[in-house]
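K.L.:
Build me a model:
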Amino acid sequence: MTTDQTITAPKKTAGKPRRSAVRLAAQATQASSPPTQPPKDQQAFQSYLTFLALVARTNAGSPATLDDIDPNETALLEIVILRWAKGAPMTVRQTIAMAHLGSPATLHKRLMRLRAKNYLQLQDVAGDRRVKQLVPGQRGVDFVETMGRHLLKAKRSPGMRSVVAKP
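P.N.:
Next up, the predicted model:
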């Protein structure tokens, strides 16, 4: 093989084929462009944006906010509180088996953090002291009340301009 053939010949690699620069540039352009269609339900779209703005403003220092827990812990907290509100509190074992939220060790660590910060508490099951159910702690109840107030406020709000305009 000559030097010219070595330089111009495409390099064979194991695994996936290499993407062309043109195709990558086209994908980057598509990903960065804004949606081409307006939301189907403009009122619902604006209400949710209003809700997000209210939550963001509250997170600037209110004691009932989630400044001290990460989004993964928030998702776990919301699932546990939903099950408790339906009258079927989750056990620790059920919670750490939710593979879509993380590994059992990671979920156990998140539960420990939420308990330490009083977002969740353990409750014994009658008849079996080995089984522990998760119930909201005082900060968990405060969180749900705060988010509920934000939802009600967003529902009453005529638009997002009134929420975002205030510093």
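
K.L.:
Let me see the ranges of the strands in the chain.
P.N.:
Here the chain has its strands, by DSSP state E, at 120-125, 128-136.

K.L.:
which strands and helices sit next to the shortest one?
P.N.:
Translated: strand 120-125. Here strand 120-125 touches helix 104-116, strand 128-136, going by 3 or more Cβ pairs under 8 Å, 6 or more residues apart in numbering; DSSP states H and E. Glycine gets a C-beta too; all of them are placed from N, C-alpha and C.

K.L.:
I'd like the ones you listed laid out as JSON lines, including distance to Pro71, mean neighbour count and mean pLDDT.
P.N.:
Below are the helices and strands packed on strand 120-125 laid out as JSON lines (distance: least, Cβ to Cβ, whole Å; neighbours: other Cβ atoms under 10 Å; pLDDT from 0 to 100):
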{"stretch": "helix 104-116", "distance to Pro71": "11", "mean neighbour count": "16", "mean pLDDT": "95"}
{"stretch": "strand 128-136", "distance to Pro71": "18", "mean neighbour count": "16", "mean pLDDT": "91"}
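
K.L.:
what would the ones you listed look like in CSV with distance to Lys155?
P.N.:
Shown next, in CSV, are the helices and strands packed on strand 120-125 (distance: least, Cβ to Cβ, whole Å):
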stretch, distance to Lys155
helix 104-116, 28
strand 128-136, 23
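
K.L.:
what about these, which gets the closest to Arg93?
P.N.:
strand 128-136 (7.6 Å; Cβ to Cβ).

K.L.:
Any chance you could list what contacts the closest one?
P.N.:
Identification of contacts with strand 128-136 by Cβ atoms under 8 Å, 6 or more residues apart in numbering yields 80-81, 84, 89-93, 95, 111, 119-125, 144.

K.L.:
show me the contacts for Lys117.
P.N.:
Lys117 makes contact with Asp68, Ile69, Arg139, according to Cβ under 8 Å, 6+ apart.

K.L.:
just checking, which of those residues belong to helices?
P.N.:
Using DSSP state H to define helices, the subset of the contacts of Lys117 located there is Arg139.

K.L.:
got a winner among the contacts of Lys117 for most neighbours?
P.N.:
Neighbour tally across the contacts of Lys117 (other Cβ atoms under 10 Å): the maximum, 20 neighbours, falls on Arg139.

K.L.:
looking at it, it is touching Gln121, isn't it?
P.N.:
No - at 10.1 Å, Arg139 does not count as touching Gln121 under the criterion of Cβ atoms under 8 Å.

K.L.:
who's in contact with Leu151?
P.N.:
Residues near Leu151 by Cβ under 8 Å, 6+ apart: Phe51.
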